[in-house]
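> no sequence for this one, just the structure:
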RNA sequence: GCAGAGGUAGCCAAGGUGGUCACGGCGGAGGUCUGAAAAACCCCAGAUGUCAGUUCGACUCUGACCCUCUGCA
């Protein structure tokens, strides 16, 4: 049995590529885009799916809801199973690499859920304070963290959450093992001989990436991106909702609130998209199982 | 043309009183990532308009020149 995973930089035409695969292999698509899982976010997240292909796992949560890579894997696994059983080829497509990582590999801490009360207590604490708390729990552990993790409040809170959990507090060493040697999806599905084709699409030069992104932003504006944001604000959503913590929405909200001019907002939107695609590649290229295709 | 203001990295921008070649933001390069990931975070590079003068020493003082902006015309 075979499944495809199509990921890569934004604006590389992943969905079109996946749709082509679907036709050749009798497949159905499973979205792996962390923004397209949200309802109401349509134009700016680019939910323009090709017709004639079935696609799952989009429009499944409200923009105010928290949705994690764990939640994603939880939903994706049974769906993949079901498609395979029906003789379909699952084609997972999207640029949210963390979601894919969680789905394809073993995550040691995946059974440690968010502790909302703890998160709330910690959310306004400054980094040194969070470091102190972490140090009180596990002084050795904090030394294992690299500079960027050590200064990242979100990550520090998660670490505290992990170390305070029952599972971890009974463990001798809170240091994690190295992941990403081999994929474990077939074990999770309990299927032998599962063939996974893991494909990453990327641009071969910066200029075409930039041109593509600018064109795409303009296209989305033409399609009514600003009205989409207006409607969301009128409906009571805010820039702090998980779903709206998204490139495009953040910038247009600033424009609509009068903090930025329209031109500034669009310029920033484009910058953020470019930076995002860069980060995607930086993250993904460490995965030895990913086979790159340049466009 | 006169008066006033000003020229600091690709852009914005701080630097009372001359002395480790200069704050910060945006953008750029590179990176981090085990339940927020289109998130959050780390890190690197880069500048005093031009020419002369004063001085032990000028981004900071003087002069000329070249530009830019505002007011008067």
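Arrived safely, thanks for sending. Note that this is a predicted model, so its numbers are computed, not measured.
> contacts and neighbour counts: CA atoms only from here.
OK.
> how about the strands in the stretch 51-200 of chain A?
A:55-56, A:89-93, A:195-202 (DSSP state E, counting those that start in this stretch).
> And those: which comes nearest RNA strand B?
RNA strand B sits nearest to strand A:89-93 of all the strands of the stretch 51-200 of chain A, at 11.7 Å, using C-alpha to the nearest atom of the strand.
> Please list the outside residues in contact with the closest one.
Residues outside strand A:89-93 that contact it (C-alpha atoms under 8 Å, 6 or more residues apart in numbering) are A:1-7, A:14-15, A:18, A:21-22, A:25-33, A:80, A:83-84.
> Among these, which ones are in strands?
Residues of these located in strands (DSSP state E): A:2, A:3, A:4, A:5, A:6, A:7, A:27, A:28, A:29, A:30, A:31.
> So how do I select the buried members of the residues you listed in PyMOL?
With 16 or more other C-alpha atoms under 10 Å as the criterion, this PyMOL line picks the buried residues out of the ones in strands among the contacts of strand A:89-93:
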select buried, chain A and resi 3+4+5+6+7+27+28+29+30+31
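> Please tabulate the ones in strands among the contacts of strand A:89-93 in CSV and include distance to RNA strand B and pLDDT as additional columns.
As requested, the ones in strands among the contacts of strand A:89-93 are arranged in CSV below (distance: C-alpha to the nearest atom of the strand, whole Å; pLDDT from 0 to 100):
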residue, distance to RNA strand B, pLDDT
A:2, 25, 93
A:3, 21, 96
A:4, 19, 97
A:5, 15, 98
A:6, 13, 98
A:7, 10, 98
A:27, 22, 96
A:28, 19, 97
A:29, 16, 97
A:30, 14, 97
A:31, 11, 97
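> For the stretch 101-250 of chain A, just list every one of the helices.
A:116-122, A:127-137, A:139-144, A:147-150, A:153-164, A:166-169, A:185-189, A:206-222, A:225-234, A:249-256 (DSSP state H, counting those that start in this stretch).
> least reliable of those going by mean pLDDT?
Ranked by mean pLDDT, the helices of the stretch 101-250 of chain A end with helix A:166-169 at the bottom, a mean of 67.
> separation between the most centrally placed residue in chain A and residue A:103?
Nearest to the geometric centre of chain A sits residue A:96, at 3.1 Å (C-alpha atoms, centre = their mean). From residue A:96 across to residue A:103, the span is 11 Å (C-alpha to C-alpha, to the nearest Å).
> now, which of the ones in strands among the contacts of strand A:89-93 sits nearest residue A:88?
Closest approach between the ones in strands among the contacts of strand A:89-93 and residue A:88, by C-alpha to C-alpha: residue A:27, at 5.1 Å.
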